[in-house]
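Visitor: One predicted model, sequence on top.
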Protein chains: 2
Amino acid sequence: MTNIKDLARMAGVSVTTVSRVLNNHPYVSEEKKNAVLEAIRVSNYHQNINAVHLSKGKTQLIGVVLPFSDTPYFALLLKGIAQQALAHNYKLVLFQTDYKNSRELEALQMLKQKQIDSLIICSRASDWSTIEDYLPFGSIVLCEDVKEHQVSSTFVNQYKIFYKALEYLYKKGHKKIGYCIGRKSGTNSQHREFAYRDFHKKYKLSYQPDYIIDECLYFEDGEKVINQLKKMEIPSSALLVTSDQVAAGIVVSCQNQGISIPNQLAIIGFDNEPIAKMMNITTIEIPLLEMGRNLFLQAVDGDLSKKELSYQLIERETV
Amino acid sequence: MTNIKDLARMAGVSVTTVSRVLNNHPYVSEEKKNAVLEAIRVSNYHQNINAVHLSKGKTQLIGVVLPFSDTPYFALLLKGIAQQALAHNYKLVLFQTDYKNSRELEALQMLKQKQIDSLIICSRASDWSTIEDYLPFGSIVLCEDVKEHQVSSTFVNQYKIFYKALEYLYKKGHKKIGYCIGRKSGTNSQHREFAYRDFHKKYKLSYQPDYIIDECLYFEDGEKVINQLKKMEIPSSALLVTSDQVAAGIVVSCQNQGISIPNQLAIIGFDNEPIAKMMNITTIEIPLLEMGRNLFLQAVDGDLSKKELSYQLIERETV
DNA sequence: TTGTATGCGTTATCAT
DNA sequence: ATGATAACGCATACAA
């Protein structure tokens, strides 16, 4: 493996000059430049990027923490991030945490060890104090409303969205509203639960504990939801479903079981995925791609910034 | 940022000793070890991993090249890879190529520059000669039948699978069989096309060019397929669909349009995703998770090995 | 415009 | 069991 020292010898120049032509720096004569280029050609030279990293203290690598990537929500987020990474000549290091805190800590650790320049956490497992411990080592950006915490973030107001959706259902005459969610843990889920409770308080409604159904991530979970619904003493008449995939699964399951939508069961999905359009599912559009893109920008930028993205209720035929 | 030199000074030992305790090497007295540990504690020391990489010439990083990760096929493959990466303490660098050759070259380049130890290419865009150019720099493993080429790979026999599926349909009485595929390019697609042609030759059947429908990647593409089918002069009576997602989309679209399955249209999906089970779609199971896991193992192993995985036709109600 | 010398943080080799 | 010192390959401040 030839290195710049070898190149320097071959071209009859100093290593500095070699480094200059390698990095397109000015102040190098055409003559010497060509000599170096020729040496590079004949030697089949290539940089050892690790040496560059060590020397520069940067890696052009950005870590992305997410529980899994086979669900449209995270897949789209990731896609947005990847788009910008490509455009800005950064590479991505993926941490699929499976909601395991330890994996998130590994990512944080890589930040500390300078293997990645910054970190995008799409779904946080660690508490604030540990996040803040790692802040000195690189920018960390989150995908939730971080309130007063000194971290950059791009997010939608989950509380407001949920509340508005519930009110929409209420105005359509629904008094027994349930919701389906991926996991009960997680800050997003908390915001939603608060919205759910506050809504019921304000409108003086009561709800069954089993109106909240978790572990709803994939299309096929729709079947499970309907089965649970059928077991309820007082089944809910409407469902807020935090993924269009699951919403679609519910619709199909209802067809299979002869449950009429929206008459017997109203449904609002999330994200406005193409599947929602195809199956005519009322949904709440969240600009996930844009969110991903902005997360990346914040990560490389480094400055503290917070950006709330807007959402949109798209009325179709499941409510 | 304190380094091992500082630690050495603080603990009153040499850098070598510090390095020894850092790496759990033998031959260091309990006493000095504790001194170093204490120095580490008070200084809040952490390794600069780039220095380790430079020194060792390894990064514990493995590159994964795939066109996109928001389709179940690649998402599952990636999941399998990620599982093993986790278990073996490797990190993954993701290259979403969007089928752009240049992105794949970037990955190859990273291999050459030692930023990644090896490379898993889930869907190849480059030709063989360029792949082979990079072989000296680390192990490259592929996800296709590489025949005589000196590269490791884990794969299923796409040709045989397709052929068998076509014969199955034929035995069920179908003479006009079409198929839906993600992209026409790619080696997998070629194998399938060969199988398709050979099948028609053997059974002396003819087919329309428009029986081959590409760009079928997502659930919502099912609608497009049905629209195209309806435009055909002689629509096919059966469809091989290389993704259960799309197959499911087709089923839903048929329901919407009053097309009866399997009477008017028979369907075989691919991958045996949960959605196929839920919607009772006949499908061909391909062990994607296992495939991903094995790909990773081959990547870190480094030895040349080739492994063909088996598949299984799962008969349900769409044929 | 060019080169010298030093630093980046760690591991490996070789004495002792 | 311990340590001095040489790699590892590159970037850069500074001098010329």
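Guide: Happy to help now that I have it.
Visitor: distance of the closest residue to DNA strand C within the stretch 201-319 of chain A from A:Asp117?
Guide: In the stretch 201-319 of chain A, no residue comes nearer to DNA strand C than A:Gly302, which is 19.2 Å away by Cβ to the nearest atom of the strand. Quick note: C-beta positions are derived from backbone N, CA and C, even for glycine. Computed with Cβ to Cβ, to the nearest Å, the distance linking A:Gly302 and A:Asp117 is 9 Å.
Visitor: between these two, what contacts are shared?
Guide: Listed contacts common to A:Gly302 and A:Asp117 are A:Ser139; contacts here mean Cβ atoms under 8 Å, 6 or more residues apart in numbering or on different chains.
Visitor: who has more neighbours, those two?
Guide: Between A:Gly302 and A:Asp117, A:Asp117 has the larger neighbour count (other Cβ atoms under 10 Å in any protein chain shown), namely 21 against 13.
Visitor: quick one, what contacts the more buried one?
Guide: Applying Cβ under 8 Å, 6+ apart, the residues contacting A:Asp117 are A:58-62, A:90, A:138-139, A:299-300.
Visitor: Helices - which of the residues you listed land there?
Guide: A:299-300 (DSSP state H).
Visitor: The residue of chain A at minimum distance from DNA strand D and DNA strand C: what is the separation?
Guide: Of all residues in chain A, A:Asn3 sits closest to DNA strand D, with a separation of 3.1 Å (Cβ to the nearest atom of the strand). With the distance defined as Cβ to the nearest atom of the strand, to the nearest Å, A:Asn3 ends up 11 Å from DNA strand C.
Visitor: in terms of contact, does that residue touch A:His46 like I think?
Guide: No - no contact is recorded between A:Asn3 and A:His46 when judged using Cβ atoms under 8 Å, the distance being 9.8 Å.
Visitor: Now do the strands in the stretch 51-200 of chain A.
Guide: Assigned strands in the stretch 51-200 of chain A, in chain order: A:61-66, A:91-96, A:118-121, A:139-142, A:152-155, A:177-180 (criterion: DSSP state E, counting those that start in this stretch).
Visitor: as a whole number, average confidence for the fifth one?
Guide: In this case it means strand A:152-155. Strand A:152-155 comes out with an average pLDDT of 97.
Visitor: now do the fourth one
Guide: The average of the pLDDT scores along strand A:139-142 is 96.
Visitor: Contact partners for the residue of the stretch 201-319 of chain A closest to DNA strand C?
Guide: A:118, A:139.
Visitor: Any chance of the backbone angles for it?
Guide: phi 90, psi -30 (degrees, to the nearest 10).
Visitor: Setting aside sequence neighbours, what's the nearest residue to the residue of chain A closest to DNA strand D?
Guide: Of all residues beyond its chain neighbours, the one nearest A:Asn3 is A:Asn48 (7.2 Å), with distances taken as Cβ to Cβ, 6 or more residues apart in numbering or on different chains.
Visitor: Show the pLDDT at the one you found.
Guide: 91.
Visitor: and it, how many neighbours?
Guide: Going by other Cβ under 10 Å, the residues that sit close to A:Asn48 add up to 18.
Visitor: Wait, it touches B:Gln113, no?
Guide: Yes - using Cβ under 8 Å, A:Asn48 makes contact with B:Gln113 at a distance of 6.4 Å.
Visitor: Show the contacting residues for A:Lys58.
Guide: A:114, A:117.
Visitor: one more time with 6 Å, if that's ok
Guide: Neighbour list for A:Lys58: A:Asp117 [criterion: Cβ atoms under 6 Å, 6 or more residues apart in numbering or on different chains].
Visitor: how near is the residue nearest to A:Asn3 to DNA strand C?
Guide: According to Cβ to the nearest atom of the strand, A:Asn48 and DNA strand C sit 11 Å apart.
Visitor: First residue to last residue on stretch A:199-207, what's the distance there?
Guide: End-to-end distance of stretch A:199-207 (Cα to Cα, to the nearest Å): 11 Å.
Visitor: ah, wrong one, I meant stretch A:115-126
Guide: Where stretch A:115-126 begins and where it ends lie 20 Å apart, using Cα to Cα.
Visitor: Next, the buried residues of that stretch.
Guide: Applying a neighbour-count criterion of 16 or more other Cβ atoms under 10 Å in any protein chain shown, the buried positions in stretch A:115-126 are A:115-126.
Visitor: out of these, which one sits closest to A:Gln158?
Guide: Comparing these against A:Gln158 with Cβ to Cβ places A:Ser123 closest, at 12.3 Å.
Visitor: my guess is the closest one meets A:Phe68, correct?
Guide: No - with contact defined as Cβ atoms under 6 Å, A:Ser123 does not count as touching A:Phe68 (9.6 Å).
Visitor: beta partners for the spatially closest residue to A:Ile213 that is not a sequence neighbour?
Guide: Among residues not flanking A:Ile213 along the chain, A:Cys180 sits closest, at 4.7 Å (Cβ to Cβ, 6+ apart). Going by DSSP bridges, A:Cys180 is paired in beta bridges with A:Ile213, A:Val241.
Visitor: so who does A:Cys180 touch?
Guide: For A:Cys180, the set of contacting residues under the criterion of Cβ under 6 Å, 6+ apart consists of A:213, A:216, A:225, A:241, A:246.
Visitor: Please tell me how far A:Glu273 sits from B:Ala39.
Guide: Applying Cβ to Cβ, the value for A:Glu273 to B:Ala39 is 54 Å.
Visitor: More neighbours: these two, which one.
Guide: More neighbours surround A:Glu273 than the other of A:Glu273 and B:Ala39, with 25 against 22 (other Cβ under 10 Å).
Visitor: Would you mind measuring from the nearest residue to that one once chain neighbours are set aside to B:Leu166?
Guide: With Cβ to Cβ, 6+ apart as the criterion, A:Glu273 has its nearest non-adjacent residue at 4.1 Å, and that residue is A:Asp244. Computed with Cβ to Cβ, the distance linking A:Asp244 and B:Leu166 is 34 Å.
Visitor: Of these two, which one has the most company?
Guide: Taking other Cβ under 10 Å, A:Asp244 and B:Leu166 do not tie; A:Asp244 has more neighbours (30 against 25).
Visitor: I'd guessed the more buried one sits against A:Pro274; true?
Guide: No - using Cβ under 6 Å, A:Asp244 is not in contact with A:Pro274; the gap is 8.5 Å.
Visitor: Quick check: neighbours shared by those two?
Guide: Common neighbours of A:Asp244 and A:Pro274, using Cβ under 6 Å, 6+ apart, do not exist here.
Visitor: Those residues of the stretch 51-200 of chain A touching DNA strand D, which are they?
Guide: By Cβ under 7 Å from any atom of the strand, the part of the stretch 51-200 of chain A that sits against DNA strand D consists of A:51-52, A:54-56.
Visitor: can you tell me which of those are in helices?
Guide: Assignment to helices by DSSP H places the following of these there: A:51-52, A:54-56.
Visitor: Quick check: ChimeraX command selecting the buried ones in those.
Guide: What follows is the ChimeraX syntax for the buried subset of those, where burial is set by 16+ other Cβ under 10 Å:
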select /A:51,52,54
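Visitor: Can you give the distance from stretch A:79-86 to the centre of its chain?
Guide: If you compare the mean C-alpha spot of stretch A:79-86 with that of the full chain, they lie 11 Å apart, counting by Cα atoms, centre = their mean, to the nearest Å.
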